[in-house]
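Enquirer: with the sequence up front, the predicted model follows.
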Amino acid sequence: MPELPEVETIRLGLLSLLPGRRIRSVDIETAKSFPNEPSLTKAVFIGAEVTAIDRRGKGLIIELSTGYSLLVHLKMTGQLVFRQKQGDGGFGGGHPNDSLIGRLPDRSTRATVTFEDGSHLFFNDQRKFGWMKLVQTDEVLGEPFFARLGPEIIAPDLTFASFEARLARRQRTTIKAAILDQSVVAGVGNIYVDEGLYAAKIHPATQVQDVSRPKLKLLYEGLREVMALSIRLGGSSDKNYVDAEGNKGSYLKFAKVFRREGLPCERCHTLIEKMRVAGRGTHYCPHCQKLKRVLK
DNA sequence: CACTTGACCTGTCCGC
DNA sequence: TGCGGACAGGTCAAGT
């Protein structure tokens, strides 16, 4: 899915589009994608006004005037796309190559929210891993997904000392697996963990306990910089990701290793390689990111 | 307990 | 062209 920068880009888009709009109806095509009881949906969703849009880790929180919030997790292939009117093609904005999708709803549309003014919010999700669910606003952070999350990797008050201390809970696994663990820090996924490890010159399969303190500091700084840059660029569009208006993000043009296997490293010109770490496709420079093991 | 591996789905791409 | 298998931005339950 969308990782933190993609979800944040969607949040910013929705923030300029949804607050103040009142929900007229919802059309659920795939029950798995929006499994709330119809009676609850009718009571707290239909007729509600959107009051705020928040984000925690890779999860979105659409706050409603009824004291409930619509939580959304896009997982791997989810999209939340707003259209003023049904049938808008999405190709008319002057950026014809920036849109991945045409008329909506389409084959991957799992639910459609219609507002009083006739505009729509489409929840598309090819693989059906994503979900939307209604929860009382004051209980959102107690939801299992949110309750487990560590601090935001981009939080201004996340210090290096805190980052290091949280990683210490995962000494005997790979640094890549530890960073992907959302309970350690929230928001980093498979693209940005590879980019951050490249920035810090750490081999992704290094045991956490074998990463030196200076390198850990570089990783902390690298992850935060990469996230900030990607938010500025509207995120990464590899396949499915689009923002709230259906447009792609451009971060991948600046990626140093992700999906660049076989291409030269910008630092040393060694060819980028791909391997499997923590069950995920992993991109790295075999020269800049050497595997080091501390023998005891 | 800490850690790893499948499962959840659909679609696409690659080798035979 | 068809078919099988691997793989895809994420989590979670069930294994060891």
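Expert: All right, it came through fine. Everything quoted here is computed from the prediction, not taken from an experiment.
Enquirer: all the helices of the stretch 101-250 of chain A, in order from the start?
Expert: For the stretch 101-250 of chain A, the helices defined by DSSP state H, counting those that start in this stretch cover A:144-147, A:160-167, A:175-180, A:190-199, A:213-232.
Enquirer: DNA strand B is nearest to which of these?
Expert: The minimum distance between DNA strand B and those falls on helix A:175-180, with 4.5 Å, by Cβ to the nearest atom of the strand. In short, each C-beta sits where N, CA and C put it, glycine included.
Enquirer: output the closest one as CSV, nothing but the C-alphas.
Expert: Below are the C-alpha coordinates for helix A:175-180, written out as CSV (Å, rounded to 0.1, in the frame of the first residue of the first chain):
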residue,chain,number,x,y,z
ILE,A,175,17.2,-4.2,10.7
LYS,A,176,14.8,-4.3,7.8
ALA,A,177,12.2,-6.4,9.7
ALA,A,178,12.5,-4.2,12.8
ILE,A,179,11.9,-1.0,10.8
LEU,A,180,8.9,-2.5,9.1
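Enquirer: quick one: mean pLDDT over it.
Expert: Regarding helix A:175-180, the rounded mean pLDDT is 98.
Enquirer: now do that helix: distance to the chain's middle.
Expert: 16 Å (Cα atoms, centre = their mean, to the nearest Å).
Enquirer: do stretch A:228-238 as well
Expert: 10 Å.
Enquirer: which ones are touching residue A:162?
Expert: Shown in contact with residue A:162 (Cβ atoms under 8 Å, 6 or more residues apart in numbering): residue A:151.
Enquirer: now the helices of the stretch 101-250 of chain A as TSV including distance to DNA strand C?
Expert: Converted to TSV, the helices of the stretch 101-250 of chain A look like this (distance: least, Cβ to the nearest atom of the strand, whole Å):
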stretch	distance to DNA strand C
helix A:144-147	4
helix A:160-167	16
helix A:175-180	7
helix A:190-199	3
helix A:213-232	10
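Enquirer: for those, which one ends up most surrounded?
Expert: When you average the neighbours per residue for each of the helices of the stretch 101-250 of chain A (mean count of other Cβ atoms under 10 Å), helix A:190-199 leads with a mean of 25.
Enquirer: packing partners for that helix?
Expert: In terms of contacts (3 or more Cβ pairs under 8 Å, 6 or more residues apart in numbering; DSSP states H and E), helix A:190-199 is packed against helix A:175-180, helix A:213-232, strand A:280-284.
Enquirer: can you do 10 Å?
Expert: Counting contacts by 3 or more Cβ pairs under 10 Å, 6 or more residues apart in numbering; DSSP states H and E, helix A:190-199 is packed against helix A:4-15, helix A:175-180, helix A:213-232, strand A:273-277, strand A:280-284.
Enquirer: the last one - what's its average pLDDT?
Expert: Strand A:280-284 carries an average pLDDT of 97.
Enquirer: what does chain A have sitting close to DNA strand C?
Expert: Contact residues (Cβ under 7 Å from any atom of the strand) of chain A with DNA strand C: A:1-3, A:6, A:57-58, A:73, A:75-77, A:127, A:129, A:144-145, A:148, A:180, A:182, A:189-191, A:235-241, A:249, A:276, A:279-281.
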